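[1] Just need the structure, nothing else, for what follows:
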Amino acid sequence: MPESEKDNRVQIGIQGLDELLDHGLRPGSLCIIVGEPLCGKEILVKEFFYKGLEGGESGIYITTNNFAEDIYNEMGEFGWDLSKYGKGEKVAYKIIDAYSQTVNPNVEDTSTVLYVPAATDLAGLSSKIVEAITTLTGNFEKLRVVLDSLSSIITFINPSAAIRFLSFLKARIRIVKGVFISLLESELTEKTIMVQILQLADVIMEIQGNEIHVRHRGKASTKGEFKIIGKGIEITPTK
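    Next up, the predicted model:
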């Protein structure tokens, strides 16, 4: 790979994974991570999100099945403290919470958390995401976006609408040359729907037990040993 292309890629920041990705992800790309519930993919995207903030990038974390408070707590368990990136005039991240208002409709937006009535409100969710993109890209050159998870949306609405939503997000994030990772539960998604979703991806990662398999457009697949350790995710490339 030419050095100029290496320099343009977005490093995930996770040991071993950037090697499997051939020096990271291209700006504007969509990566879909597939796996069973609690296989470690949720930790992987949180580390991806935090590593971006550490590197001076901005980030949007969209949660459709957890409270924003849960995201803070789960990241804190690995020592990933978001508080230092949520202060001052240039707040570096936004959590978009499409779950809390289903329990407490009176919760209000803050400088770091934007609320949507429900994951089924795709118009409201899209509006908050565009708002966050506009705000963050006005202050930062690079953007990472996490959707955790698409499966929650598919569960409650027409799958075709969920796929259109994903396609819209991919296009909107590509405009600003951000990097977009979405989670997909393999056990909760019908095969025909999964095929349609994966066709939108530039990179597919699949976690199977203690292995992670990576597929790229136009490149040979790669794989590695996948471990959850005290500091996050550790990946060892294998042949």
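[2] so Tyr85 sits right up against Gly55, yeah?
    No: taking contacts as CB atoms under 8 Å, Tyr85 lies outside contact range of Gly55: 11.1 Å. For the C-beta atoms, the positions are set from N, CA and C on the backbone; glycine is no exception.
[3] where are the low-confidence patches of the chain?
    The chain contains residues with pLDDT under 70 at 1-7.
[4] still on that earlier bit, which of Tyr85 and Gly55 has more residues huddled nearby?
    Tyr85 (19 against 12; other CB atoms under 10 Å).
[5] Apart from its neighbours in sequence, what residue is nearest the more buried one?
    Nearest residue to Tyr85, sequence neighbours excluded (CB to CB, 6 or more residues apart in numbering): Ala92, at 4.1 Å.
[6] how many other residues sit next to the one you found?
    Residues lying near Ala92 (other CB under 10 Å) number 21.
[7] residue contacts, it?
    Leu53, Glu57, Ser58, Gly59, Tyr85, Gly86, Leu136, Phe140 (CB atoms under 8 Å, 6 or more residues apart in numbering).
[8] now the strands for the chain?
    Using DSSP state E, the strands found in the chain span residues 30-35, 58-63, 93-97, 113-115, 143-148, 179-185, 203-208, 211-216, 222-229, 232-238.
[9] Partner strands of the shortest one and their direction?
    Sheet pairing for strand 113-115, assigned by DSSP bridges, gives strand 93-97 (parallel).
[10] what about the strand it pairs with, distance to the chain center?
    12 Å (CA atoms, centre = their mean, to the nearest Å).
[11] What angle do strand 143-148 and it make with each other?
    Put simply, strand 93-97 runs at 20 degrees to strand 143-148, going by axes from the mean of the first three to the mean of the last three CA atoms, to 10 degrees.
[12] Need the CA coordinates for strand 93-97. PDB is fine.
    Taking C-alpha atoms only, strand 93-97 is exported to PDB below (Å, rounded to 0.1, in the frame of the first residue of the first chain):
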ATOM      1  CA  TYR A  93     -18.500  13.800  21.700                       C
ATOM      2  CA  LYS A  94     -22.300  13.300  21.700                       C
ATOM      3  CA  ILE A  95     -24.200  10.300  23.000                       C
ATOM      4  CA  ILE A  96     -27.500   9.900  21.300                       C
ATOM      5  CA  ASP A  97     -29.800   8.000  23.600                       C
END
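[13] which residues touch that strand?
    Residues outside strand 93-97 that contact it (CB under 8 Å, 6+ apart): 49, 53, 58-63, 67-68, 71, 82, 85-86, 112-116, 125, 128-129, 132, 135-136.
[14] now the helices: where do they sit in the chain?
    Secondary structure of the chain (DSSP state H): helices located at 3-8, 17-20, 41-54, 68-76, 122-137, 150-156, 159-175, 191-198.
[15] nearest to Ile229, of the ones you listed?
    Among the helices of the chain, helix 41-54 comes nearest to Ile229, with 9.9 Å by CB to CB.
[16] Other residues contacting that closest one?
    Residues contacting helix 41-54 (CB under 8 Å, 6+ apart): 11-14, 17, 33-35, 58-59, 61, 71, 74-75, 78, 80, 82, 85, 92-93, 142, 144, 146, 148, 181, 183, 205, 207, 228, 232-233.
[17] for stretch 232-239, same thing?
    Residues contacting stretch 232-239 (CB under 8 Å, 6+ apart): 14-17, 19-20, 40, 43-44, 47, 78, 80, 211-212, 222-228.
[18] Fine, thanks again, bye for now.
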